[in-house]
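In: With the input below, show me the fold.
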Amino acid sequence: MKFGRFPRLSLLQKILLSTSVSLTVLFALTGLFVQSSVVSTTTSSLNEEVNASFQAYDSLWRSRAELLKSVSLILSSMSDVRAAFSTGDQATIRDTAGELWAKVSDENAVFLVTDPRGEVIASLGGLPLATLRERVPVVASVAAQFPKQVSGFLAQQDQLYEIVLTPVYVESPGGPALINVLMAGYKVDRRVAERLKEATGGSEFLFLSGGKVMAASLSATAAAETAGQLASGTMREYAPLRAPLIGIQGEPLGELWILRSFDGVKQRLAALRVKMLVAGFFAMCAGLALTTFLARRIIGPVNELDRAAEEVGRQNYDFRVRVSSDDELGRLGATFNAMCASIRSARDELIRRERISTIGRLSSSIVHDLRNPLAAIYGGAEMMVDSELTPPQVKRLAGNIYRASRRIQELLQDLVDVSRGKTAGAELCRIRDVISAAVEAVSHTAGTQGVQIILQDTPLDIEVPMERARVERVLVNLMGNALEAMPGGGKICVSARLEEGSVRIDVADDGPGISPEIRERLFQPFVTHGKKSGLGLGLALSRQTVIDHSGEIWVESEPGKGARFSIRLPAAVAA
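Out: Numbers count the residues shown, from 1 in each chain. Below is the predicted model:
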């Protein structure tokens, strides 16, 4: 699964979410498969039960028919019974055949004696099919099949009967003569259907003839509804099996439906669903518990690595991951510890080398930044020793030596203050006076190099709150760098003006300019590239001074077109 939409979930929550979804889908698919298999198996079992019910019905029905045939055949073959039949007297027939018939019949049994034309001579047992002297047409219609017995179903007076016709013959001069026909049978009613239901283990029986319910094990209302569903093909409550009902003349008389209810299947499916839901719930709980246990064992080392990575991000290379296994995560933790140790070792070595390099660059930069004032001191002292000077000349040289030594002292104090983060108190100064003092400090060096310093018109009333000595040294450093870049002479322009509540000071020269690669890191400490003596700490200290005054400093330069250093400082607020 993709968790791009759940960025706030922890790794454990993502694992549990994916596991629960997977288990839910798995159990749903398993449930569908099991239910489909159970439905298929149960349906097959139901169909087998219906077929078994039909077999039981067929066997029972055949045995009843055989019993009727046997009894009728016995009666027709008894001489005294045949003699009684020939009398046509109902009382005589009852007395002769009634005792035997009573032993083999039940309350649903029907026994009639007719003549060859079908006229009823006598009736024994149950409700008669017809009254005396009433004709039964079916007897005459099957006479062609005599002398064998004829059996089948008969529908008469809204009743369904199972009938066996047995001919009774006597010897005559012309051969056997048909004198009577025995009609024996059973009435097919609700009691018969219920007995069939009991004998088949619960199958419902429905006898239909001409679309009408003749007998059923169901209630009258349910039987009528079921018959309608069978006729329309919308049966959903039962698994049906159809068997034709053949009439006494061999014609289709109706149909028997053997029905097996789906209620048992539905109950088993409902019970199965409940069991599967319960089993699925407990299985999911067990799966989530196991997943949580395993996930915690996996996520524990991962969280440890996450904390270790965070510590390394804070440059704490002494942090170590606890390794508690020999698997992939354990090996990863050991590798991470080795990596931290390697980084710590490399970092210590880098710091050591950087310190050595810093000391070298610091020494070089200090030498460079002290060179100009030391040169002024050396030159002035040399002239005082080697030359006969007038008192005014001596005074002027002594002043230069004093200012140069003062600048060395201030440069060293600046270095100490920056390293300690110290600053002096600010005072309100006129920017023109500060610029003039800085120009005077470098005028001697500029004169010896043939460099012209031009102080452009600057308003006298521009005042800035500042540490004057520090800002003055910034300007001296910028002009000193310009002088160093123009040993063969040139021009330096210094100007100041108001810009939207701030003061902008520009120091521009027409020297060789600064290359782009040097310009990007010009204000970094210890940058000494690009010129013969480098730029040293001067610009880095100058930048820090400007920042301490809530200002900014930048440079604009193109190779061969000189350089322009600009400083912006907040102007004094008018009272």
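In: Please make it C-alpha for all contacts and neighbour counts, starting now.
Out: Noted.
In: Which strands and helices lie in contact with the host helix or strand of residue 243?
Out: Taking DSSP states H and E as the criterion, residue 243 maps to strand 238-246. Secondary-structure packing of strand 238-246 (3 or more Cα pairs under 8 Å, 6 or more residues apart in numbering; DSSP states H and E): helix 11-77, strand 150-156, strand 252-261.
In: That strand: which residues count as buried?
Out: 238-241, 245-246 (16 or more other Cα atoms under 10 Å).
In: try stretch 268-288
Out: So for stretch 268-288, counting by 16+ other Cα under 10 Å, buried means 269, 272-273, 276, 280, 284, 287-288.
In: swap in stretch 499-517?
Out: For stretch 499-517, by 16+ other Cα under 10 Å, it's 502-514.
In: how about the strands of the stretch 51-200 of the chain, start to end?
Out: Along the stretch 51-200 of the chain, the stretches classed as strands by DSSP state E, counting those that start in this stretch are 109-114, 120-124, 150-156, 159-170, 177-188.
In: between the ones you listed, which gets nearest to residue 198?
Out: strand 177-188 (15.5 Å; Cα to Cα).
In: now the closest residue to residue 160 other than its chain neighbours: how far from residue 164?
Out: Nearest residue to residue 160 in three dimensions, chain neighbours excluded: residue 188, at 5.3 Å (Cα to Cα, 6 or more residues apart in numbering). Using Cα to Cα, to the nearest Å, one gets 14 Å for the distance from residue 188 to residue 164.
In: now residue 338
Out: Noted for residue 338: a distance of 105 Å to residue 164, by Cα to Cα.
In: Tell me how many other residues surround residue 293.
Out: Residue 293: 12 surrounding residues under other Cα atoms under 10 Å.
In: Check the secondary structure at it for me.
Out: Of the three states, residue 293 takes helix according to DSSP: H, G, I helix; E, B strand; the rest coil.
In: Check which residues of the helix or strand hosting residue 442 are buried.
Out: Residue 442 is part of helix 431-449, with elements assigned from DSSP H and E. Within helix 431-449, the residues that count as buried by 16+ other Cα under 10 Å are 431-432, 434-435, 437-439, 441-443, 445-446, 449.
In: Can you list the helices and strands that that helix packs against?
Out: Counting contacts by 3+ Cα pairs under 8 Å, 6+ apart, helix 431-449 packs against strand 451-455, helix 468-485, strand 490-499.
In: hey, which of those is tucked in deepest?
Out: Most buried of these by mean neighbour count (mean count of other Cα atoms under 10 Å) is helix 468-485; its value is a mean of 22.
In: Give me the mean pLDDT for that one.
Out: Per-residue pLDDT over helix 468-485 has a mean of 87.
In: picking up where we left off before, between all of the buried residues of stretch 499-517, which two are separated the most?
Out: 502 and 512 (29.9 Å).
In: quick revisit: indicate which one of the strands of the stretch 51-200 of the chain is closest to residue 79.
Out: strand 159-170 (9.2 Å).
In: who's in contact with the closest one?
Out: Residues outside strand 159-170 that contact it (Cα atoms under 8 Å, 6 or more residues apart in numbering) are 65, 68-69, 72-73, 76-77, 82, 139, 146-155, 176-189, 214-215, 248.
In: In PyMOL, select just the buried ones from those.
Out: Filtering these down to the buried ones (16+ other Cα under 10 Å) takes a single PyMOL command:
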select buried, resi 65+68+69+72+73+76+82+139+149+150+151+152+153+154+155+178+179+180+181+182+183+184+185+186+187+188+189+214+215+248
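In: gap between residue 343 and residue 379?
Out: Per Cα to Cα, residue 343 is found 52 Å from residue 379.
In: just the buried residues of stretch 499-517 now: which is nearest residue 295?
Out: residue 514 (60.7 Å).
In: what residues are up against that closest one?
Out: 530, 557-559, 562-563.
In: what's the answer for residue 210, then?
Out: Contacts of residue 210 (Cα under 8 Å, 6+ apart): 253-254.
In: Could you rerun that using 10 Å?
Out: 155, 252-255 (Cα atoms under 10 Å, 6 or more residues apart in numbering).
In: just residue 561 next, same as before
Out: Each residue near residue 561 by Cα under 10 Å, 6+ apart is listed here: 509-514.
In: Next step: the residues you listed restricted to strands.
Out: residue 509 (DSSP state E).
In: Where does confidence bottom out across the contacts of residue 561?
Out: Minimum pLDDT across the contacts of residue 561 is recorded for residue 514, with 84.
In: Dihedrals phi and psi, that residue?
Out: Dihedral angles of residue 514 (phi, psi; degrees, to the nearest 10) stand at phi -120, psi 130.
In: any idea how far it lies from residue 562?
Out: Distance, residue 514 to residue 562, using Cα to Cα: 7 Å.
In: nearest spatial neighbour of residue 478, skipping sequence neighbours?
Out: The shortest distance from residue 478 to any non-neighbouring residue, by Cα to Cα, 6+ apart, is to residue 507 (7.1 Å).
In: Does the one you found touch residue 568 like I think?
Out: No. Counting by Cα atoms under 10 Å, residue 507 does not reach residue 568; the two are 11.9 Å apart.
In: List the residues that are in contact with both of the two.
Out: Counting by Cα under 10 Å, 6+ apart, the contacts common to residue 507 and residue 568 are residue 496.
In: Would you reformat the buried residues of stretch 499-517 as JSON lines and include distance to residue 265?
Out: Below are these laid out as JSON lines (distance: Cα to Cα, whole Å):
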{"residue": "502", "distance to residue 265": "94"}
{"residue": "503", "distance to residue 265": "97"}
{"residue": "504", "distance to residue 265": "97"}
{"residue": "505", "distance to residue 265": "99"}
{"residue": "506", "distance to residue 265": "100"}
{"residue": "507", "distance to residue 265": "102"}
{"residue": "508", "distance to residue 265": "102"}
{"residue": "509", "distance to residue 265": "104"}
{"residue": "510", "distance to residue 265": "105"}
{"residue": "511", "distance to residue 265": "104"}
{"residue": "512", "distance to residue 265": "102"}
{"residue": "513", "distance to residue 265": "99"}
{"residue": "514", "distance to residue 265": "96"}
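In: Now do the contacts for residue 155.
Out: By Cα under 10 Å, 6+ apart, the neighbours of residue 155 are 161-162, 187-188, 209-210, 214, 247-248, 253-254.
In: likewise residue 146?
Out: Residue 146 makes contact with 165-168, 178, 181, according to Cα under 10 Å, 6+ apart.
In: now do residue 395
Out: 389, 401.
In: Quick check: mean pLDDT of the helix or strand harbouring it?
Out: Counting by DSSP H and E, the element that carries residue 395 is helix 391-420. Helix 391-420 shows a mean pLDDT of 78.
In: could you give the angle of that helix to helix 468-485?
Out: Orientation check (axes from the mean of the first three to the mean of the last three Cα atoms, to 10 degrees): helix 391-420 against helix 468-485 gives 110 degrees.
In: Mutual contacts of residue 514 and residue 562, please.
Out: When contacts are counted by Cα under 10 Å, 6+ apart, the set common to residue 514 and residue 562 consists of 485, 556.
In: separation between residue 383 and residue 443?
Out: 18 Å.
In: now do residue 49
Out: Residue 49 is 125 Å from residue 443, where distance means Cα to Cα.
In: sorry, back to before: from residue 259, how far off is the residue nearest to residue 160?
Out: In this structure, residue 188 and residue 259 are 17 Å apart, going by Cα to Cα.
In: Show me this structure divided up by domain.
Out: 40-263, 424-570 (automatic domain parsing).
In: Please put the alpha-carbon coordinates of stretch 201-210 into PDB.
Out: Extracted in PDB, the C-alpha atoms of stretch 201-210 (Å, rounded to 0.1, in the frame of the first residue of the first chain):
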ATOM      1  CA  GLY A 201     -37.200 -37.600   6.100                       C
ATOM      2  CA  GLY A 202     -39.000 -34.300   5.600                       C
ATOM      3  CA  SER A 203     -39.500 -33.900   1.800                       C
ATOM      4  CA  GLU A 204     -42.700 -32.100   0.900                       C
ATOM      5  CA  PHE A 205     -45.100 -33.800  -1.700                       C
ATOM      6  CA  LEU A 206     -47.400 -32.000  -4.000                       C
ATOM      7  CA  PHE A 207     -49.800 -33.900  -6.400                       C
ATOM      8  CA  LEU A 208     -51.200 -31.800  -9.200                       C
ATOM      9  CA  SER A 209     -53.700 -32.600 -11.900                       C
ATOM     10  CA  GLY A 210     -54.800 -30.100 -14.500                       C
END
